[in-house]
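Asker: the following block contains a protein sequence and its predicted model.
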Amino acid sequence: MRMPVAFAALLASVAALSLPASDAGELGQRAQRFLQRLRRDDKNGDGKVTREEFTGPERLFGRLDRNRDGAIDRQEATQAAQAAQRRRPGMKQRPLPEGIEEIRDVVFGKGGGRDLTLDIICPKERPAGRMPVVVWVHGGAWRAGDKGGRRTLALAQRGYFTVSIEYRLTHEAIFPAQIHDCKCAIRWLRAHAREYGIDPDRIGVWGSSAGGHLVALLGTSGGAGELEGDGGWSDQSSCVHAVCDFFGPTDFTRMREGESTMDHDAPDSPESKLVGGPVQESKEACRTADPITYVTADDPPFLICHGEQDRTVPINQSELLHAALKKAGVDVTFVRVKRGGHGFRGDTDPSPDRIQQMVAGFFDKHLKGIEPKP
């Protein structure tokens, strides 16, 4: 089975733990940053990283711990390197379908004094009218992941102008840097609407996990000036017109109320790292980061999908957001994915393919005015 590019990059980064310094250097700056974090995870200095020490995504630990002994050792890191080096970023990707083009690493603004970039996937032949837009925001617990993976390719084939954006991760900056960067990308799209032939009044956003949190916040916080940031294009609006949220966290202070394999209240949890302190001691920061805080009746339509067996982000997070949107009178659809874990893998109901069809139908309805087929 072919691994996603972003996951392969993480494997390569972990593997550098067991490689000579000269070889590790070839993995690049991103790999080095992850390696440094992994070394910090080895709190007792025994050359292994246990599940309790590991601060990366739970599913990544499960894949790296091949012998299932509860720790990532040097041999497992080396095995990961052998698999990942063949798939690391920079390798030639599969050709795009005919009629589709990709424009990579377009600078859309500044964050923390550095350039922020996005990738575009869209039809080569632009239609006579302006194209609707869908923006993908990646997950990774706000501390990993990247804009690669071509998650929007199927939508580009349906006539959408799609982009995948980067945002600052928590090793670089805490919240609200992440939403500042996302809003900057939306403003950039509007500022360049004429250049790219896109419709500034038909912008949808889609994200999973940490990305689900950020797109939900984009959807509810339109007009919240304190979340805009100063990355560029301040004369443009960051409002969006449709939101697809895959299992995004919402109220960090209530994650412990759901079933989870993680202690979300811990000082080193992804949520605590995002807001800059333990969530139960940082309730005002959590409130500022919570999409529910900003819900109003004029929010755009939402499609929320969450697995009933998600033990990384408990389903209560989507339940809370759904209830708040519904109470405000917002057009919201909540899909509870039976047998679905974090990422909708396996024998789920609806199936992964059906979920993707629902996403396409949702954007067709709200950005193109086309009613989805039953």
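Answerer: Great, that's in hand.
Asker: where does residue 127 sit, in terms of helix or strand?
Answerer: According to DSSP states H and E, residue 127 maps onto no helix or strand at all.
Asker: what do you get for residue 362?
Answerer: Using DSSP H and E, residue 362 maps to helix 352-363.
Asker: how about that helix: buried residues?
Answerer: Applying a neighbour-count criterion of 16 or more other C-beta atoms under 10 Å, one finds 355, 358, 359, 360, 361, 362, 363 buried in helix 352-363. No exception for glycine: its C-beta is placed from N, CA and C like everyone else's.
Asker: just the strands in the chain please.
Answerer: Assigned by DSSP state E, the chain shows strands spanning 49-50, 71-72, 100-111, 114-123, 131-137, 161-165, 198-208, 242-246, 302-307, 332-337.
Asker: so which of the ones you listed gets nearest residue 230?
Answerer: strand 100-111 (8.0 Å; C-beta to C-beta).
Asker: so that closest one versus strand 114-123, what angle?
Answerer: If you take axes from the mean of the first three to the mean of the last three C-alpha atoms, to 10 degrees, strand 100-111 sits at 160 degrees to strand 114-123.
Asker: tell me the strands beside strand 100-111, with direction?
Answerer: strand 114-123 (antiparallel) (DSSP bridges).
Asker: what pairs with residue 116 across the strands?
Answerer: residue 109.
Asker: so who does it touch?
Answerer: 107, 108, 109, 110, 165, 166, 167, 168, 181, 184, 185, 231 (C-beta atoms under 8 Å, 6 or more residues apart in numbering).
Asker: buried ones among the residues you listed?
Answerer: Buried by 16+ other C-beta under 10 Å: 108, 109, 110, 165, 166, 167, 168, 181, 184, 185, 231, out of the contacts of residue 116.
Asker: so how far is residue 199 from the residue lying closest to residue 340 once chain neighbours are set aside?
Answerer: The shortest distance from residue 340 to any non-neighbouring residue, by C-beta to C-beta, 6 or more residues apart in numbering, is to residue 307 (2.7 Å). Here the distance between residue 307 and residue 199 works out to 33 Å (C-beta to C-beta, to the nearest Å).
Asker: more neighbours: which of the two?
Answerer: residue 307 (25 against 17; other C-beta atoms under 10 Å).
Asker: one step back: dump the contacts of residue 116 into JSON lines; add distance to residue 93 and pLDDT as well.
Answerer: Listed next are the contacts of residue 116 as JSON lines, based on distance: C-beta to C-beta, whole Å; pLDDT from 0 to 100:
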{"residue": "107", "distance to residue 93": "21", "pLDDT": "97"}
{"residue": "108", "distance to residue 93": "22", "pLDDT": "98"}
{"residue": "109", "distance to residue 93": "26", "pLDDT": "97"}
{"residue": "110", "distance to residue 93": "28", "pLDDT": "96"}
{"residue": "165", "distance to residue 93": "18", "pLDDT": "98"}
{"residue": "166", "distance to residue 93": "18", "pLDDT": "97"}
{"residue": "167", "distance to residue 93": "22", "pLDDT": "97"}
{"residue": "168", "distance to residue 93": "25", "pLDDT": "97"}
{"residue": "181", "distance to residue 93": "24", "pLDDT": "98"}
{"residue": "184", "distance to residue 93": "27", "pLDDT": "98"}
{"residue": "185", "distance to residue 93": "22", "pLDDT": "98"}
{"residue": "231", "distance to residue 93": "28", "pLDDT": "97"}
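Asker: quick check, nearest of the residues you listed to residue 212?
Answerer: Distances from residue 212 to these, taken by C-beta to C-beta, are shortest for residue 167, at 13.4 Å.
Asker: from residue 183, how far off is the closest one?
Answerer: 10 Å.
Asker: what does residue 155 give?
Answerer: Distance check for residue 155 against residue 183: by C-beta to C-beta, it reads 21 Å.
Asker: one more: residue 165?
Answerer: Counting by C-beta to C-beta, the separation of residue 165 from residue 183 is 10 Å.
Asker: what sits against the spatially closest residue to residue 326 that is not a sequence neighbour?
Answerer: In this structure, residue 326 finds its nearest non-sequential neighbour in residue 332, 5.8 Å apart by C-beta to C-beta, 6+ apart. Neighbouring residues of residue 332 by C-beta under 8 Å, 6+ apart: 301, 302, 303, 304, 322, 325, 326.
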